[in-house]
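> Quick check, what structure comes out for this input:
(2 chains)
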Amino acid sequence: MLFNSIGFLIFLPIVFCLYWFIFNRKFQEQNRLLLLASFYFYACWDWRFLFLLMFSIGLDYVSGIKIENSKTNREAKFWLTLSIVINLGFLGFFKYYNFFVESFADLLDGFGFKVNVWLLSIILPVGISFYTFHGLSYVIDVYKKRIKAERSFTDYAVFVSYFPLLVAGPIERATHLLPQIQRERIFNYEQAVDGMRQILWGFFKKMVIADNCAPLVNEIFNNYQTESPGTLVIGAVLFAFQIYGDFSGYSDIALGVSRLFGIELLKNFAFPYFSRDIAEFWRRWHISLSSWFRDYLYIPLGGSKGGLLMKVRNTFIIFLVSGFWHGANWTFMIWGGLNALYFMPLLIMNKNRQNMEVAAQGKFLPSFRECVQILITFLITCIAWIFFRAESVSQAIHYIGRIFSRELLSIPHPLPVKVLALIGFMMIVEWLNREKFHGLEIKRFQPWIRRISYLIVIYIILRYANFGNNEFIYFQF
Amino acid sequence: MKKFLIKIVPYFVAVLIVFAILGSYADGNTDDNYMHFAVKKPQNIILGDSRGSQGVVPGILKNKLSANFDNFSLNIVQSPYGQVYFKALKRKLDPETKNGIFILTVGPWNLSLNKNIKSEKDFPEVHSPLNDMYFYDRSPNYEYLLKHYTRSWFKIYSERAEAGRSNSFLHDDGWMEITIDMNADSVAARTRVKEMDYKILANAVELSPARLKAFNEIINYLRTKGSVYIVRIPTSKSLTTIENKKYPHFSKLLKDIGHKQNVKVFDFSKNYADYDYTDGNHMYKESSKKLTAQIADSIVMSRSQ
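Numbers count the residues shown, from 1 in each chain, chains lettered A, B, ... in the order given. Coordinates of the predicted model:
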């Protein structure tokens, strides 16, 4: 089920009413309702893969208890390894099997051996990357004794399959979400109203920004060989906003929906396009994934403790793994590698934590220096996004190669003025609220200003949104 | 909770009212299919693909046959003959129909299928509105708009018929009127594109037993409710050549079906030179009126025999 579907607009109020009016006597009843609703939500996409999700939940649930009950460290390690191997095995099988087999065949072909490979023709189970990471973080945390193994199967299953975050995150931690699932939730008016604002802003970003950018981006990337350099620049910039609108819009809806049920999810975006360097960008973009890799990969690898060389190596590893997590394609690996390269000067000069606060904190406008920094960070990010969007590495290289020609500064034709104006509107609103939790957090204003603001955003959505059931980009990851 | 619901509900109600008002302006300019789902259920119907949709004018039939017709032809992807179209026809047709007149326009392509498609769940029309619509006679038809109108609903208002017709306008009776530059050069350019498309199509498809079966089932069904006429609509010389090369015995196949089912077949494909086409494939509106008059005359003649 898609957030921007009629089905969801019916599903959500029903679950909301059942949750607060019928199942409100005990939080365990609410959890059972959430579990059923989550399974239904997932089954609407493809009920067959529901069994895979259930297996993953069952495996990690049992592994967690076995790890905790282990009498020896060896036994605990066995269950941890079993869980990791099976989880990553499923992920690898569905997501990376074809990539590895094809790459291996290409390698052999390079040595003159022709092999016929057997490729899978099955679709990727939606959300597998997300719920696998939920499960992994849980068993690792139990093994590391950061949390107790969860004994209630329902509570654990809700943690993994909670429908707002099930298919595209944010990637939750058991330490953060499970305690909320295990305690009574009391309806909080302020939280619910702000959740609605966040949902509204999420729909704006998805349906107005991302879905209006998408056809233009597709047109430009599909015809990059004939488009002018100016148009290619516009294509890359529009894609940057498409993926931002799409994914941060999804996250806003997910967080907002969850707040309606009295559960706070991890923040996933913090206005990343106002970042002044790439380190700040990565602290603000897909935060739940970046911090997951930091806690479960970067730190176990030694983190920043082993000197500069170790830091460089580990940074490259997490960016490359992050790229690979996004998809079995060399384009994602290069995207990750490129970001790691951008990171190096900051790492080497030990300046990767110089911009910890938001840009122009407490001020209305940024300084000239901040403007330049924000612009440069955005531009290098756009170059990396070209690899993320391109079908192949050669397409990305040609695309970038064609940009840097003498006609670079020519005016693209046709200039998508309407879309750029909508992006401008989004950026102004987000700039004004960059110190807040989300783009439409306007509870500090007078009620009449708030109401007018909602009506303006609702009007823009109705007027300019694309109502086709466009899937979210991150569903494919 | 009460305060929350009181605050939130008016916004939803306001949005619903805006949608309801905008949807009420939906008409033949909304998209190429809307009016098929927003008129009274007909007793006399025209079936087929876009050739039929543009080529048969119900208004002319009404004058000649004194009966109201509805052209229920969509396009080659959405309404080829098959179980989806058959199911939709049953919903569309007035259940009280007794002495209806049913014109089934047919060409080789709406009885063909891509060679690689083996299962009916992969047929292209599975994604057609014909496959998921329940209401066919609601005006405004919010079911259709919610399920199949993917643009901003404000465009329903700003692009409605009174605001200026676009080059395609779906009349209430289902006739798709195309207004297009008929300058010889533009026609030739569009025809070249169509030729290319159909050459590619000819390599990809073959006559489908499943479609032929459904076609026969539709005829069987309609025969219980009135008279059925099979019409092969002509196309330009170049398109006819492609068709005849790919399917040299298609006209004979239609005759055989007509013979077996005891229904009349009017094959106009040899008279292609008598008409003008917008792109080689679809008939220009003036020629459509001419062809429709000939179909009506043929029906009248066959009834008097």
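
> any idea how far A:Ser453 is from the closest residue to chain B within the stretch 301-450 of chain A?
When distances are taken as CB to the nearest CB, the stretch 301-450 of chain A reaches nearest to chain B at A:Pro447, 9.9 Å away. C-betas here are computed from N, CA, C, even on glycine. Taking CB to CB, to the nearest Å as the measure, A:Pro447 falls 11 Å from A:Ser453.

> of those two, who's got more company?
A:Ser453 (16 against 9; other CB atoms under 10 Å in any protein chain shown).

> So for the one helix or strand that one maps to, what gets flagged as buried?
If you go by DSSP states H and E, A:Ser453 is part of helix A:447-464. If you call a residue buried by 16 or more other CB atoms under 10 Å in any protein chain shown, then helix A:447-464 has these buried ones: A:Arg450, A:Ser453, A:Tyr454, A:Val457, A:Ile458, A:Ile460, A:Ile461, A:Leu462, A:Tyr464.

> Can you tell me which helix or strand of chain A has the lowest average pLDDT?
helix A:97-110 (a mean of 78; mean pLDDT, DSSP states H and E).

> Extract the C-alpha set from the helix or strand just after it and format it as CSV.
Sequence order places helix A:128-143 as the next helix or strand after helix A:97-110, per DSSP H and E. As requested, C-alpha coordinates have been extracted for helix A:128-143 and formatted as CSV (Å, rounded to 0.1, in the frame of the first residue of the first chain):
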residue,chain,number,x,y,z
ILE,A,128,13.7,-6.2,2.7
SER,A,129,16.7,-3.9,3.2
PHE,A,130,14.9,-2.0,6.0
TYR,A,131,13.4,-4.9,8.0
THR,A,132,16.6,-6.9,7.6
PHE,A,133,18.5,-4.0,9.2
HIS,A,134,15.9,-3.7,12.0
GLY,A,135,16.4,-7.3,12.8
LEU,A,136,20.2,-7.2,12.6
SER,A,137,20.4,-4.2,14.9
TYR,A,138,18.2,-6.0,17.4
VAL,A,139,20.2,-9.3,17.6
ILE,A,140,23.5,-7.3,17.7
ASP,A,141,22.2,-5.2,20.5
VAL,A,142,21.0,-8.3,22.4
TYR,A,143,24.4,-9.9,21.9
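
> Remind me what helix A:128-143 packs against, helices and strands.
In terms of contacts (3 or more CB pairs under 8 Å, 6 or more residues apart in numbering or on different chains; DSSP states H and E), helix A:128-143 is packed against helix A:50-69, helix A:73-91, helix A:153-161, helix A:174-181, helix A:287-293.

> what about the second one, distance to the chain center?
Just to be clear, that refers to helix A:73-91. When C-alpha coordinates are averaged (CA atoms, centre = their mean, to the nearest Å), helix A:73-91 and its chain have centres 25 Å apart.

> Which neighbouring elements make contact with that helix?
Using 3+ CB pairs under 8 Å, 6+ apart, the elements in contact with helix A:73-91 are helix A:50-69, helix A:128-143.

> B:Val126 belongs to a helix?
Yes: judged by DSSP: H, G, I helix; E, B strand; the rest coil, B:Val126 forms part of a helix.

> Tell me which residues touch it, please.
B:Val126 is in contact with B:Val84, B:Glu120, counting by CB atoms under 8 Å, 6 or more residues apart in numbering or on different chains.

> gap between it and B:Gly82?
9 Å.

> which residues are common contacts for these two?
Looking at what touches both B:Val126 and B:Gly82 (by CB under 8 Å, 6+ apart), the common residues are B:Glu120.

> Check what pLDDT whichever residue of the stretch 151-300 of chain B sits closest to chain A gets.
Nearest residue of the stretch 151-300 of chain B to chain A: B:Phe154, at 5.1 Å (CB to the nearest CB). The pLDDT attached to B:Phe154 in the predicted structure is 92.

> so what's it up against?
Listed by CB under 8 Å, 6+ apart, the contact partners of B:Phe154 are A:Leu462, A:Arg463, B:Leu22.

> residues in contact with the first one?
For A:Leu462, the residues meeting the contact criterion (CB under 8 Å, 6+ apart) are B:Val15, B:Val18, B:Phe19, B:Ser152, B:Trp153, B:Phe154.

> out of those, who's nearest B:Ser304?
Within the set of the contacts of A:Leu462, B:Trp153 lies nearest B:Ser304; the separation is 50.1 Å, counting by CB to CB.

> residues near the residue lying closest to the closest one once chain neighbours are set aside, how many?
In this structure, B:Trp153 finds its nearest non-sequential neighbour in B:Leu22, 4.1 Å apart by CB to CB, 6 or more residues apart in numbering or on different chains. B:Leu22 is surrounded by 20 other residues when neighbours are defined as other CB under 10 Å.

> So what's the gap between whichever helix or strand B:Leu22 is part of and the chain middle?
Under the criterion DSSP H and E, the helix or strand holding B:Leu22 is helix B:2-23. Here the centre of mass of C-alpha atoms in helix B:2-23, compared against the chain's by CA atoms, centre = their mean, lies 37 Å away.

> Cheers, nothing more for now.
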